[in-house]
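J.: please find the sequence and the predicted model below.
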Amino acid sequence: MNHNPVFLALDLPRLDAAEALARKVAGHIGGIKLGLEFFCAHGHHGVHELHKLGLPIFLDLKLHDIPNTVAAAMQAIHVLEPAIVTVHASGGRAMMEDAKAAAGENTKVVGVTVLTSLDDDDLTATGVSCSPHDQALRLADLAHSAGLDGIVCSGHEVGAVHKQWKDGFFVVPGLRPDDGKNGDQKRTVTPRQARDAGASVLVIGRPISRAEDPMAAARAIEATL
Ligand SMILES: O=C(O)c1cc(=O)[nH]c(=O)n1[C@@H]1O[C@H](COP(=O)(O)O)[C@@H](O)[C@H]1O
């Protein structure tokens, strides 16, 4: 994997706009993250098109279903050769074990713990009575014991998870430069703070994609790392 830890989240509805943006900032990122918005709109064809840039592809599908269905979905995306794929760690041990077994050998499977858009109150409303921090640690432990390569968590938890899972692969979204707008993100840190706490991959979307000058924004973030 490229030494630049920034994966640009291409959460854009149009394929040509997504390609143009990725091309513009390609020299200042380490990979591309294609999520639900992109995959639902453009599917395999869209992923093949973005592959042409030669950057690693992170397919953020956040799979969460019964083990058989998730394993079948993992097999169906083999052909796309993603560097990273997400499943929800709350889908349970058997689902994660089967997802990992079904993934290509060059694909890292990571478990989403507690979404960065959730805070204490949001978790309580879903019936989880502990803090996002404790829940992220619990799910990280489960993902580790199920044989996943790593997890997705916020920059607030990654340091603690890193301490208990030394060789884990840690994806951190919810990143905002000091002057950035949070939008729907609730547990945010700066890209540099996440990196210092042990993040392997920094997922960054709107601070680059919605900047007036995306290239300058990507360059400025790169310079802080
Ligand atoms: O799995 C993810 O990548 C993810 C997990 C999470 O907890 N929070 C989160 O924001 N993400 C993704 O990271 C990206 C963040 O985008 P921005 O908030 O625009 O930087 C989006 O594509 C989200 O889907």
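T.: Noted; the coordinates are in hand.

J.: and stretch 168-177, end to end?
T.: Start-to-end span of stretch 168-177 (Cα to Cα, to the nearest Å) is 25 Å.

J.: so for that stretch, what's the average pLDDT?
T.: Here stretch 168-177 scores 97 as its mean pLDDT.

J.: so is that stretch next to the ligand?
T.: Yes. Using Cβ under 6 Å from any ligand atom, stretch 168-177 reaches the ligand at P173, G174. (C-beta placed from N, C-alpha, C; glycine too.)

J.: chain center to that stretch: distance?
T.: 7 Å (Cα atoms, centre = their mean, to the nearest Å).

J.: likewise for stretch 207-214?
T.: That offset, for stretch 207-214, works out to 19 Å (Cα atoms, centre = their mean).

J.: show residues contacting that stretch.
T.: 8-12, 21, 24-25, 175-177, 180, 217-218, 221 (Cβ atoms under 8 Å, 6 or more residues apart in numbering).

J.: which parts of it are buried?
T.: Counting neighbours by 16 or more other Cβ atoms under 10 Å, one finds that the buried residues in stretch 207-214 are P207, I208, S209, A211, P214.

J.: filter the residues you listed down to the ones close to the ligand.
T.: Checking the buried residues of stretch 207-214 against the ligand by Cβ under 6 Å from any ligand atom, the ones in range are P207.

J.: need the buried residues of stretch 207-214 in a markdown table (columns: pLDDT).
T.: Shown next, in a markdown table, are the buried residues of stretch 207-214 (pLDDT from 0 to 100):
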| residue | pLDDT |
| --- | --- |
| P207 | 97 |
| I208 | 97 |
| S209 | 96 |
| A211 | 96 |
| P214 | 97 |
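
J.: of the buried residues of stretch 207-214, which is the nearest to the ligand?
T.: Nearest to the ligand out of those is P207 (Cβ to the nearest ligand atom; 5.9 Å).

J.: check the secondary structure at the closest one for me.
T.: helix (DSSP: H, G, I helix; E, B strand; the rest coil).

J.: swap in the one 10 residues further on?
T.: Here A217 is recorded as helix under three-state DSSP.

J.: what about H51, how many residues close to it?
T.: Applying other Cβ atoms under 10 Å, we find 15 residues neighbouring H51.

J.: phi first, then psi, for it.
T.: With angles defined as degrees, to the nearest 10, H51 sits at phi -60, psi -30.

J.: next one: V171
T.: The phi/psi pair for V171 (degrees, to the nearest 10) is phi -100, psi 130.

J.: who touches it in this structure?
T.: 7, 58, 84, 86, 110, 150-153, 199-201, 203.

J.: if we go to 7 Å?
T.: I84, V110, G150, V152, S200, V201, V203 (Cβ atoms under 7 Å, 6 or more residues apart in numbering).
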